[in-house]
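K.L.:
Sequence first, predicted coordinates after that:
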Amino acid sequence: MAAKPEQIYKGIAASKGISIGKPFVYRAEVPSYKVDISPATVISPEAEIADYEKAVSQSIKELNKIFNLAKEKLDEKNLQIFEAQLSFLCDEFFHSKVKERIKSENKQAYAVYKEEIQTLENAIVSSADEYIRERVNDIEDMKNRVLRNLLKGRLVSKITENSIVIARNLTPADTILFSNRNLLGIATDLGGINSHVALISRSLKIPAVVGMQDISVSITAEDTLIIDGYKGIVVKNPSDATIAAYKVQIEKNLLFERKLEELEKLPSETKDGKHVRLSTNLEFNNEVDYVVTHFGCDVGLYRTEHLFMELGDFPSEEEQYRQYKFLADHIYPKTVTIRTFDIGGDKILPDSQKEVNPFLGWRGIRICLDKKETFMAQLRAILRASSGGNLKIMLPMISGIEEVKKTYQYLDEAKSQLRSQNIRFDEKIEVGVMIEVPSAVILADELAEMVDFFSIGTNDLVQYALAVDRDSSLVSDMYEKFHPAVLRLINLTLKSAAKHNIPVSVCGEMASDPYASLLLIGMGVNELSVVSTAYLQIKRLVRLVNYQKAGEVAEKVLHMSTISEVKNYIEECFNKNIGEQL
């Protein structure tokens, strides 16, 4: 029998890693049955309500079991996925509405619940915010869980061990349960880079490719697969040569991981002695011990909006003070740059504000300046925690001079209030701005005279400069960090900063990308603030780079006018000078 031909399926690279194995094609059963609504049918509302309450109770038990399992595997951020689902399942307002309708309309629980949950799904799907639209999968999971328990169906939680799961989509619960079976990888038709299956896969370090359109109907149990989470592809029935090449790559990756561990305590400097400050991005306090123990570095970006998202409202001054003080004490003598609330856009808005285009609306510093007392509470909390002298303040989404001036007015007022109460704080606390809006680049000269540092948020800078929604699958191929316009905006920012002698860090995804980091170092970026999982890889890159040669590469790139020119040249230089060593 002739060997099956090799086929390659492309999707979105959601979680790095490579695996070779057999597939497990998972098809979630959607509970359904014919609802009897004939006039002659006599329905007992009391019995229906009792069945509904049992189904909800059973669903909560199941999800609690999964949540407890998730606690052993996931960080605090990803645990919020399950906390949100449990919160919804325990929502008495929603359940009372369902029960009231069962009683008043004499309808079956199944029909009423399905109608009510469908109304909620429709509202989410119609949102202009892609992040919110992706949350419909959470509702779908809970809907099917309750419906299955109403029909007394069986929970499928086991898959074949050591397999690559292929599915139309996976819920967070599916992903956690399947991970107990030594999951080799995940490939789904649906999902984006910020979908929960992507987030959890990255946390569990399971290779994943999402948004593949039709992978679930293209694979059978008899196939052999390679999943490549770096390139975002699945290879069906790979040839012997392809398998051999990927096995070599897997061995290289393992060797690379072992080499990285040797770098933990070595300085972050180039071959020719140029120091490049390397810091890490941080969101949760439970990450602090790992950063202190393994990296001993500064925190270049501490995101505070998780405090809002955990509570569903702005935290009090005291709650914030405790968080910031804990951070300052544990990182000391290293520094922590605290970004003020960056809510809006792809993050939940306070007061349930809904906008047609949230990325261009009420977000970041705009919310803070409009909510003076809320912003003042945050500024006072940061100041109170700054007495050790190792905290900095960073302002997001700055688009003009007026925003910085108004922030300084609030900050001066907060300082005066603390002085009047004899509360110590760092009188010389540094204040910086994020450069992520093109207007901030144009005004960089004036901004540099007002602040102590710049931090370039490349994720937003790319999307605003190129008018591309970074979360939209329709234009995802146009979201390109190596676009010459983006690189020139970064260069203009660096020139303005150098002119006024203030440092510049990059805290977006570019800082964690080896190719982009080579270019950023050559352009003269003082600091790279990276995700913790990329810290050692980028440190190794820094130690392999010749600063003078990197500068020559950057100079040439800045005169190029197409993305392909830039990418091809950087890749060529990278592979020639660094690739083999890295």
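P.N.:
Alright, I've got the coordinates.

K.L.:
tell me the mean pLDDT over stretch 139-157?
P.N.:
Stretch 139-157 comes out with an average pLDDT of 70.

K.L.:
same question, stretch 543-561
P.N.:
For stretch 543-561, the mean per-residue pLDDT is 94.

K.L.:
Please list the residues outside that stretch that contact it.
P.N.:
263, 266, 268-274, 484, 487-488, 491, 518-519, 521-524, 566, 569-570, 573, 577-578, 581-582 (CB atoms under 8 Å, 6 or more residues apart in numbering). Quick note: C-beta positions are derived from backbone N, CA and C, even for glycine.

K.L.:
got the domain boundaries for this structure?
P.N.:
The chain resolves into domains spanning 7-28+156-257, 45-150, 268-579 when parsed by automatic domain parsing.

K.L.:
Going along the chain, name the strands of the stretch 351-500 of the chain.
P.N.:
Taking DSSP state E, counting those that start in this stretch, the strands of the stretch 351-500 of the chain run over residues 391-395, 430-435, 453-456.

K.L.:
CSV please, covering the ones you listed and showing mean neighbour count, mean pLDDT and distance to residue 161.
P.N.:
Below are the strands of the stretch 351-500 of the chain laid out as CSV (neighbours: other CB atoms under 10 Å; pLDDT from 0 to 100; distance: least, CB to CB, whole Å):
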stretch, mean neighbour count, mean pLDDT, distance to residue 161
strand 391-395, 24, 97, 46
strand 430-435, 23, 97, 46
strand 453-456, 25, 98, 45
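
K.L.:
Let me have these in TSV, extended by distance to residue 217.
P.N.:
Formatted as TSV, these follow (distance: least, CB to CB, whole Å):
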stretch	distance to residue 217
strand 391-395	47
strand 430-435	44
strand 453-456	43
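
K.L.:
Relative to residue 151, which of these is closest?
P.N.:
Closest approach to residue 151 among the strands of the stretch 351-500 of the chain (CB to CB): strand 430-435, 50.9 Å.

K.L.:
Can you list the neighbours in contact with that closest one?
P.N.:
Residues outside strand 430-435 that contact it (CB under 8 Å, 6+ apart) are 337, 339, 392-398, 404, 407-408, 411, 440-441, 444, 447, 451-457, 461, 493, 507.

K.L.:
Can I get it as PDB, trimmed to CA atoms?
P.N.:
The C-alpha atoms that make up strand 430-435 are tabulated as PDB, following Å, rounded to 0.1, in the frame of the first residue of the first chain:
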ATOM      1  CA  GLU A 430      10.300  58.800  38.600                       C
ATOM      2  CA  VAL A 431       7.400  59.200  36.200                       C
ATOM      3  CA  GLY A 432       7.400  57.900  32.700                       C
ATOM      4  CA  VAL A 433       5.000  57.500  29.800                       C
ATOM      5  CA  MET A 434       4.200  54.700  27.400                       C
ATOM      6  CA  ILE A 435       4.800  55.500  23.800                       C
END
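
K.L.:
Give me the sheet partners of that strand and which way each runs.
P.N.:
According to DSSP bridges, strand 430-435 forms sheet pairs with strand 391-395 (parallel), strand 453-456 (parallel).

K.L.:
okay if I get those as CSV plus distance to residue 367?
P.N.:
Below are those laid out as CSV (distance: least, CB to CB, whole Å):
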stretch, distance to residue 367
strand 391-395, 12
strand 453-456, 19
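
K.L.:
For residue 222, which of these is the nearest?
P.N.:
Residue 222 lies closest to strand 453-456 among these, at 49.7 Å (CB to CB).

K.L.:
I would like the C-alpha coordinates for the closest one, written out in PDB, please.
P.N.:
Presented in PDB, the C-alpha positions along strand 453-456 are these (Å, rounded to 0.1, in the frame of the first residue of the first chain):
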ATOM      1  CA  PHE A 453      11.700  57.700  31.000                       C
ATOM      2  CA  PHE A 454       9.900  56.300  28.000                       C
ATOM      3  CA  SER A 455       8.500  52.800  27.600                       C
ATOM      4  CA  ILE A 456       7.500  51.700  24.100                       C
END
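
K.L.:
any idea how far that strand is from the chain center?
P.N.:
21 Å (CA atoms, centre = their mean, to the nearest Å).

K.L.:
what's that strand in contact with?
P.N.:
With CB under 8 Å, 6+ apart as the test, strand 453-456 has contacts from 300-301, 337, 392, 394, 430, 432-436, 444, 447-448, 490, 493, 497, 502-508, 525, 529.

K.L.:
So which elements touch the longest helix along the chain?
P.N.:
Counting by DSSP state H, the longest helix found in the chain is helix 45-71. Helices and strands touching helix 45-71, by 3 or more CB pairs under 8 Å, 6 or more residues apart in numbering; DSSP states H and E, are helix 76-89, helix 92-105, helix 109-125, helix 136-150, helix 172-179.

K.L.:
Please identify the most buried of these.
P.N.:
Neighbour counts (mean count of other CB atoms under 10 Å) averaged over each of those peak at helix 172-179, with a mean of 24.

K.L.:
So which elements touch that helix?
P.N.:
Applying 3+ CB pairs under 8 Å, 6+ apart, one finds that helix 172-179 makes contact with helix 45-71, helix 76-89, helix 136-150, helix 196-204.

K.L.:
Tell me which residues of the first one come out buried.
P.N.:
If I follow you right, that is helix 45-71. Buried residues in helix 45-71, counted by 16 or more other CB atoms under 10 Å: 45, 48-49, 51-52, 55-56, 58-60, 62-63, 66-67, 69-70.

K.L.:
Please name the residues that touch residue 489.
P.N.:
So residue 489 contacts 438, 441, 461, 465 (CB under 8 Å, 6+ apart).

K.L.:
All set now, cheers.
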